[in-house]
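[1] Attaching a predicted model along with its sequence, questions to come.
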Amino acid sequence: EGTLGEDELLGTASLHPWAVPDPSPVLATRWGPGELVIGGTRVIEEGDSLEIAPGTTLRFAPGAGLVCRGTVRAEGTAEHPILFLPVSPSTSWGGLALQGQGASGSRFSHCRWEGAWGFEHDLIRYPAAVSVHDARDVSFEEIAILGSGAGKAGLRIASAQEVRLQGGSFRDLGGDGLEVLFSGVTLRDISVRESEGHALDLFRSRLSAAGCSLSRSGVSLLSLDEGSEVDWEGGLLESAPIGAEILDGSRLGMEGTILRGLATGFVLKQDDGERGGTLKAEGIAAEGCGRILVRDAASTGEGGRSR
C-alpha cells in the first residue's frame with residue numbers, strides 16, 4: 001500500500017490524482033566556477049533551474065543571450081563575483097532575460113554585466129542588458145550593468161512585481177538606465193550615471209527608492225508617466241536638463257534629496273492624458289540649479305520646506 005504496482009509501472013493502470021508526486025524541476029543545471037563560452041542563445045525552460053557558482057565568468061558570442069523561464073540563482077560574493085561578458089572587448093552580446101512566472105524567485109548578487117546590447121528570441125524583444133518580464137519576487141544585490149547599445153536600457157522590468165534592487169551601479173548606457181513598465185519595484189542605494197535616455201523611466205508603475213543617485217542623463221533623470229507613483233527618500237539628482245518630469249496623473253513624493261546642476265528641477269504637465277502631475281517635496285536642497293519648478297494648470301506642485 002502506498003507504492004506503485006507492476007501494472008502502474010508498465011503504464012497500464014491510471015494513478016489517482018493524490019498519488020501523483022509533487023512536481024520538481026525537470027533539469028537542475030549548475031554552471032561554474034571558472035570560465036564558460038556561450039556560442040548561441042541558451043534557454044532554461046519553465047520548471048527547470050539554473051545555478052551559477054561564485055567566481056564564474058560567462059562569455060557570450062555576438063548576439064547570443066540567456067533566456068530563463070525557470071528560476072536562476074546567481075549569487076556571487078565580493079571576492080568571487082559572477083561576470084556576464086562578451087567573448088572579446090570589441091564585440092557585444094544579447095543579454096539576460098527572465099521570462100514568465102516560472103522565473104519568479106530568481107536571485108542575483110555580486111553580478112556584473114558588460115557590453116550587452118539586447119536581443120530577440122521567439123519573437124519577443126529584450127531591448128536591455130537585463131530584462132525581467134512577467135515575473136515576481138526577483139532580487140538583485142550589489143550588481144553592475146556597464147555599457148549598452150544605442151537606445152538600449154540597462155535593466156528593463158515589465159509586468160513584474162516585487163522586484164528589489166539593493167546596492168548597485170549602472171553606467172554608460174545607450175538608452176534609459178532603468179525602464180519600469182506596469183511593475184512594482186523597490187530601489188535602495190542604486191547609482192545610475194551617464195545614460196543617453198532617462199536615468200529612470202516609469203510607465204504605469206509604482207516605485208519606492210531610498211539613497212539613490214541619478215546623474216548625467218541626456219533628458220530627464222527621473223520620468224513618471226501615465227499614473228506612475230514614486231516615493232523617493234534622500235539621494236541625489238545631478239547634471240541633467242531636468243531632474244524629474246511628472247506627467248499624466250503621476251505622483252512624486254520626494255524628501256531630503258539634493259538637486260545639483262540641473263537646468264530645471266521639476267517639470268509637471270499634462271501631456272497625453274487627462275490629468276497633470278503631482279509633486280510633494282520636502283527638505284529639498286538645490287545647488288547650482290536654474291528653475292526649480294515648472295508646471296501647467298493641470299498639475300499640482302507643493303514645494304514644502306527647502307534647505
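    Sure, I can see it.

[2] The helix or strand hosting Ile157: what's the following helix or strand?
    Counting by DSSP states H and E, the element that carries Ile157 is strand 153-158. Per DSSP H and E, the first helix or strand lying C-terminal to strand 153-158 is strand 161-173.

[3] For that following strand, which residues meet the burial criterion?
    161, 163-171, 173 (16 or more other Cβ atoms under 10 Å). C-beta: built from backbone N, CA, C; applies to glycine.

[4] Now the two most distant members of those residues.
    Farthest apart among these by Cβ to Cβ are Gln161 and Arg171. That separation is 27.0 Å.

[5] Looking at the buried residues of strand 161-173, spot the one nearest Arg204.
    Closest approach between these and Arg204, by Cβ to Cβ: Gln161, at 12.8 Å.

[6] Could you check how far that closest one is from Ile292?
    Counting by Cβ to Cβ, to the nearest Å, the gap from Gln161 to Ile292 is 34 Å.

[7] Run through the neighbouring helices and strands of the strand holding Ile157.
    strand 128-133, strand 136-146, strand 161-173, strand 178-181, strand 184-195 (3 or more Cβ pairs under 8 Å, 6 or more residues apart in numbering; DSSP states H and E).

[8] Within its sheet, name the partner strands of it and how each one runs.
    Counting by DSSP bridges, the strands paired with strand 153-158 are strand 128-133 (parallel), strand 178-181 (parallel).

[9] centre of the chain versus it, how much separation?
    4 Å (Cα atoms, centre = their mean, to the nearest Å).

[10] Let me know the angle separating that strand from strand 161-173.
    Per axes from the mean of the first three to the mean of the last three Cα atoms, to 10 degrees, the angle that strand 153-158 makes with strand 161-173 is 160 degrees.

[11] what residues does strand 153-158 touch?
    Contact with strand 153-158 is made by 126-134, 140, 145, 148, 163, 165, 170, 173, 175-183, 185, 192, 195, 197, 201, as judged by Cβ atoms under 8 Å, 6 or more residues apart in numbering.

[12] For PyMOL, write a command that selects the buried ones of the residues you listed.
    Of these, the buried ones go into a single PyMOL selection, burial set by 16+ other Cβ under 10 Å:
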select buried, resi 126+127+128+129+130+131+132+133+134+140+145+148+163+165+170+173+175+176+177+178+179+180+181+182+183+185+192+195+197+201
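
[13] now the residue positioned nearest the centre of the chain: how far from Leu200?
    The centre of the chain sits closest to Leu155, judged by Cα atoms, centre = their mean, with a distance of 3.8 Å. Separation of Leu155 from Leu200 (Cβ to Cβ): 10 Å.

[14] Please identify every residue contacting each of the two.
    By Cβ under 8 Å, 6+ apart, the residues touching both Leu155 and Leu200 are 177-178.

[15] still on that earlier bit, how about TSV for the helices and strands packed on strand 153-158, with distance to Gly34 and mean pLDDT added?
    Shown next, in TSV, are those (distance: least, Cβ to Cβ, whole Å; pLDDT from 0 to 100):
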stretch	distance to Gly34	mean pLDDT
strand 128-133	22	98
strand 136-146	21	98
strand 161-173	24	97
strand 178-181	31	98
strand 184-195	30	98
